[in-house]
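Visitor: Return a 3D structure for these sequence lines:
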Amino acid sequence: MSAPERPPEAGEDGSTPSRERLPVTGPQMAFHQVWPDAPMPVPARAVLRDLLPAKAVRWCTPVTAASSFGWVLFAPAAFAVRWMEDRLEFTLVDADGALGPWQVLGAGRPGQHPGTEAALAAVPAHRSAELADCLDEEGVPLVDPNPADPRELQVVSGVLARTAPGWATLVRPVPNLPLTPTSHDVVEGIVETAWYGNTLPVMVRLRTPGEVVRFSPRSPLAVVQPVALASLAPEHTRATEGGHGLAHWPDEEWERFVATRRTRLDALPASYRRAQHAYHHPPDASRE
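Guide: Numbering: from 1, shown residues only. Just a heads-up that it's a prediction; the model follows:
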């Protein structure tokens, strides 16, 4: 893959390249992990069967497509956190699931990955000086708290993502995966990974004071999905407004609506899947 794309720079007239003109030929995603023993992202379709009812996997194409789009991120180590009103507490979890001693996190006091020292020691000598220059004393933390709000923290995935120019990476909750109501939320964010070279953050907001929330390298943490920067351009957020009420729909939209509704009313399951196949594989007129 070519060298990372820099952020758009101002031209001679002071303008910057419009997102709508950036290339969108394919995301070309690549991943690198900080910690040698931490899990790499896996295609979401690989864990699809563990997230959805069998009936949905078989018949509901929109749900399966949404659930299998992107790559699943996992926590790079087993740990737990709890929000104790005015503070955030953190502990590591051992192989048997037992909690270690709790420590209070705060500004300059992140939760550490148990393999950080070994990961940094394995860096080749010719890169050591540059590494020391770009990291603070804690190295790469595992959990970085929000000093302004004890409910919020950043789980440092350890995953560096790269996309082709014109593409960014959406970090979001795992689609269609229910969470315990008292547990936590993953806050969505978009990172311009064509040029951004830090590890992907997963922002977490805890829901309930005193609730122990566990994270494991074996459980999905979030999903990363490529998005075209052109779709984020303000000029593309203005949808064409049509008529209000069925009586004012143009013929093309009316005919599309009627045809789709008729298909939905047939007695056979998977009508969407059949219509989708017909749309992408029209009859070959040359054979008629």
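Visitor: Mind jotting down where the helices sit in the stretch 1-150 of the chain?
Guide: Counting by DSSP state H, counting those that start in this stretch, the segments of the stretch 1-150 of the chain that form helices are 48-51, 54-59, 61-67, 116-121, 125-134.
Visitor: So for the third one, what gets flagged as buried?
Guide: For helix 61-67, burial by neighbour count (16 or more other C-beta atoms under 10 Å) applies to 61, 63-64, 67. Yep, even glycine has a C-beta here, placed from its N, CA and C like the rest.
Visitor: Tell me who's in contact with the nearest residue to residue 172 once chain neighbours are set aside.
Guide: Once flanking residues are discounted, residue 172 sits nearest to residue 188: 4.3 Å by C-beta to C-beta, 6 or more residues apart in numbering. With C-beta atoms under 8 Å, 6 or more residues apart in numbering as the criterion, the residues that contact residue 188 are 170-173.
Visitor: cool, and residue 37?
Guide: Neighbouring residues of residue 37 by C-beta under 8 Å, 6+ apart: residue 115.
Visitor: Can you report how many residues lie near residue 93?
Guide: Around residue 93 sit 17 other residues, with neighbours defined as other C-beta atoms under 10 Å.
Visitor: ok, it - contacts?
Guide: 78-80, 99-100, 214, 216.
Visitor: per-residue confidence for it?
Guide: With respect to pLDDT, residue 93 has a value of 96.
Visitor: which stretch in the helices of the stretch 1-150 of the chain is the model least sure about?
Guide: Of all the helices of the stretch 1-150 of the chain, the minimum mean pLDDT falls on helix 54-59 (a mean of 65).
Visitor: Domains in this protein, by residue range?
Guide: In the assignment given by automatic domain parsing, the structural domains of the chain cover 22-233, 246-287.
Visitor: just those: most buried one?
Guide: A comparison of the domains of the chain by mean neighbour count, using mean count of other C-beta atoms under 10 Å, puts domain 22-233 on top with a mean of 16.
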